[in-house]
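**Student:** Fold the following for me, if possible:
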Amino acid sequence: MYLYNDEYIFGSHVIVGSATILVYEVLTTLDDEINYIWMQPWTLGTFLFWANRYLPFVDVTLGMYVQFGANIGPDTCDKYYRGILWAVATGLFIAELIITLRTLAIWSHRRSILIFLSLMTLITSGAGIVGVVLENHSFQFEPPPLGGRGCKLIKSRRLIIIPYLTVAISETSVVCLTIIRALDHFRRLTRYSWVTRVYGYGLLFYIYLLLITAANIAIPFAAEEPRYKGYFAISQHVFHSIFCTRVIVLIQRRRWARRSLPHADDGSLSHAPGVNVPMTKVTVHQHTSAGAPYTTYSEGDVETAEYTTGGKESSAVASRAQPNLDWTQ
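**Tutor:** I've put the predicted structure just below:
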């Protein structure tokens, strides 16, 4: 029976699971969002963050409706499916843009990297848009069987794999650049827990997202019903959003904690105005590089920032040791 076949049940589990993960993520990271995004000066990066974080609620809500709604006409289904596809495509583009900007930042905005990433973004985005447009025009619906729920998609092309292929190409290129830069940073740094976490998040989530992308490429060839060719489309958007949110919050936390570490007039450690940063254990490490002493301040195992104690020469040493991850510049 249409309502209770295995694909319907599995698709229902996927959409409900995606919605649950999205809501849980927002609730558990809301305090960080308030401290490090809302209470800081607003930039273009702020609006990219909000779009990346909250746009998944659009396609999750639409996805729940087309999966469980009753008495939905074919015309309404067509509009909702188009809306979902464009919401997912827009969300993935924003997430890829954030990842690209972060990659450009860790390469210190090197011109050759800028040109490469710009060309890659133009090519992959253009191909992805073409795939979405062609897929949208291929949808055909009919009313579900008596007592059935949701929309019954009876025809669609397999062109939905084009956007996923472009995502896979883009992210593979970005992760290769990230690994190269990470190896260079790890050779020069002794203890930078926040840098390790940024690179660690990037590689770990790349593996997760690549698996979901591979599933989205394979499923259109395996699904019996056209409506289930996009099993994990919404899930991929949700996980892209989570990954970018975590990386942005980690970088923002490091930036503002670094500003707060210099000593105040009374000799105590002070924080940037408007930031509720819980100060845990602060460890001071004395180093010597090329004969010039400098100091590393570590706040627990989360943040590490370097400040000099040996004048201009040591200042240069410390400055060179710090990778630039400010993706909003």
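**Student:** Confirm residue 177 sits in a helix?
**Tutor:** Yes - per DSSP: H, G, I helix; E, B strand; the rest coil, residue 177 lies within a helix segment.
**Student:** OK, contacts around it?
**Tutor:** Residue 177 makes contact with 103, 107, 113 under the criterion Cβ atoms under 8 Å, 6 or more residues apart in numbering. Placement of C-beta: from N, CA and C, glycine included.
**Student:** how far out from the middle of the chain is the helix or strand where the last one lies?
**Tutor:** Just to be clear, that refers to residue 113. According to DSSP states H and E, residue 113 maps onto helix 111-136. In this view, helix 111-136 has its centroid 17 Å away from the chain centroid, taken as Cα atoms, centre = their mean, to the nearest Å.
**Student:** packing partners for it?
**Tutor:** Under the contact criterion of 3 or more Cβ pairs under 8 Å, 6 or more residues apart in numbering; DSSP states H and E, helix 111-136 touches helix 74-106, helix 161-188.
**Student:** Tell me which residue is most central in the protein.
**Tutor:** residue 244 (2.2 Å; Cα atoms, centre = their mean).
**Student:** on that earlier part again, and the contacts of the following helix or strand past the helix holding residue 113?
**Tutor:** Sequence order places strand 140-142 as the next helix or strand after helix 111-136, per DSSP H and E. Strand 140-142 is contacted by residues 74, 77, 78, 81, 151, 152, 153, 154, 155, 156 when judged by Cβ under 8 Å, 6+ apart.
**Student:** If we use 6 Å, what do you get?
**Tutor:** Residues outside strand 140-142 that contact it (Cβ atoms under 6 Å, 6 or more residues apart in numbering): 74, 77, 78, 151, 152, 153, 154, 155.
**Student:** Describe which strands that strand pairs with in its sheet and in which direction.
**Tutor:** Take DSSP bridges as the rule and strand 140-142 pairs in its sheet with strand 152-155 (antiparallel).
**Student:** Using CSV, write down the CA coordinates of the strand it pairs with.
**Tutor:** The C-alpha coordinates for strand 152-155 follow below in CSV (Å, rounded to 0.1, in the frame of the first residue of the first chain):
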residue,chain,number,x,y,z
LYS,A,152,2.8,11.5,-4.7
LEU,A,153,5.5,12.4,-7.2
ILE,A,154,5.1,10.1,-10.2
LYS,A,155,7.9,11.5,-12.5
